[in-house]
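# I'd like to go over a predicted model; first the sequence, then the structure.
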Amino acid sequence: MFLSHPTRSVTALLMRWRSFASLSSAPLSLPLPNSSPASGPSCAETVWIVPLQEHSWYDHVRLKRVFVTDGTRHQVVLIDLRKLLQCADRDNTDYVLKPVAEWHAGKVRGIREFLDPDSPRVPQMPYVTISTRRAPGLLGWIGIEREGVVAFRNGQHRARYLAEAGARWCPVEVHEREAALLRELCGAADDARTVIRATPLGGEGSV
């Protein structure tokens with residue numbers, strides 16, 4: 001039996017609607033543009049707890065990463081502050097600070113308040129670059145011995161203040177291509193990982 005013209009028209013419209021619906025629903029199975037790991041709960045910020053041995057105002061500080069975007073090419077490295085500052089003192093291109101004992105009282109008070117763990121704002125860890133150059137003396141002159149040179153891109157005041165306050169180790173951020181060299185020349189001892197605690201903030205937005 002042949003369908004009447006109105007019936008055929010309704011059937012055709014129904015078939016077209018089913019075809020359109022199946023096509024329009026296909027993209028829903030693809031990842032959404034904002035569904036990257038960076039937007040998930042696993043990317044909650046982490047805070048590093050650094051103990052201070054010689055500080056009467058508070059006994060630790062909290063530090064967080066500088067680069068937190070998904071796919072960042074920077075790494076966190078636990079360093080020996082004494083070694084790091086020795087390398088930083090060799091920097092002859094960027095600004096090198098005087099020892100904390102020579103800072104004026106307002107500068108000392110400002111950095112102390114900035115690092116106060118009771119503050120709702122978590123300061124960023126120092127951000128550095130590292131390279132090598134010929135060491136002084138004959139071995140350096142003939143290219144056998146080299147020494148590290150650290151330049152601060154951010155956080156030189158806090159690094160020197162932490163060392164003065166009795167911090168032995170500290171997390172710093174560095175580009176991934178320099179991370180191995182930083183560990184080699186300034187890396188913290190293995191037991192630093194049991195002293196410096198890294199705690200996720202759980203996405204609470206404490207910044």
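Yep, it's here. Numbers count the residues shown, from 1 in each chain.
# what bits of the protein have low per-residue confidence?
1-44, 70, 94, 137-143, 202-207 (pLDDT under 70).
# rerun that using 50 as the cut-off
Applying pLDDT under 50 to the chain picks out residues 1-43, 202-207.
# tell me which residues touch the spatially most central residue of the chain, please.
Nearest to the mean C-alpha position of the chain, by CA atoms, centre = their mean, lies residue 65 at 2.8 Å. Residues in contact with residue 65, defined by CB atoms under 8 Å, 6 or more residues apart in numbering, are 45-46, 74, 76, 124-125, 173. Any C-beta I mention is one placed from the backbone N, CA and C, and that applies to glycine too.
# redo that, cut-off 7 Å
Residue 65 is in contact with 76, 125, 173, counting by CB atoms under 7 Å, 6 or more residues apart in numbering.
# which ones among these map onto strands?
Of the contacts of residue 65, the ones assigned to strands by DSSP state E are 76, 173.
# returning to what we had before: distance of the residue nearest to the centre of the chain relative to residue 48?
Distance of residue 65 to residue 48, given as CB to CB, to the nearest Å: 9 Å.
# what touches both of those two?
Joint contacts of residue 65 and residue 48 (CB under 7 Å, 6+ apart) are residue 125.
# the spatially closest residue to residue 64 that is not a sequence neighbour: how many residues sit nearby?
Leaving aside its sequence neighbours, residue 64 sits nearest to residue 122 (CB to CB, 6 or more residues apart in numbering; 4.7 Å). Using other CB atoms under 10 Å, residue 122 has 20 neighbouring residues.
# now do the domain split for this structure, please.
1-30, 37-200 (automatic domain parsing).
# tell me the most buried of the ones you listed?
domain 37-200 (a mean of 16; mean count of other CB atoms under 10 Å).
# so how far is that one off the chain centroid?
11 Å (CA atoms, centre = their mean, to the nearest Å).
# can you give me the strands in this structure?
46-51, 60-64, 74-80, 127-134, 146-154, 169-175, 197-200.
# tabulate these (JSON lines), appending distance to residue 107.
Shown next, in JSON lines, are the strands of the chain (distance: least, CB to CB, whole Å):
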{"stretch": "strand 46-51", "distance to residue 107": "20"}
{"stretch": "strand 60-64", "distance to residue 107": "17"}
{"stretch": "strand 74-80", "distance to residue 107": "23"}
{"stretch": "strand 127-134", "distance to residue 107": "20"}
{"stretch": "strand 146-154", "distance to residue 107": "16"}
{"stretch": "strand 169-175", "distance to residue 107": "19"}
{"stretch": "strand 197-200", "distance to residue 107": "29"}
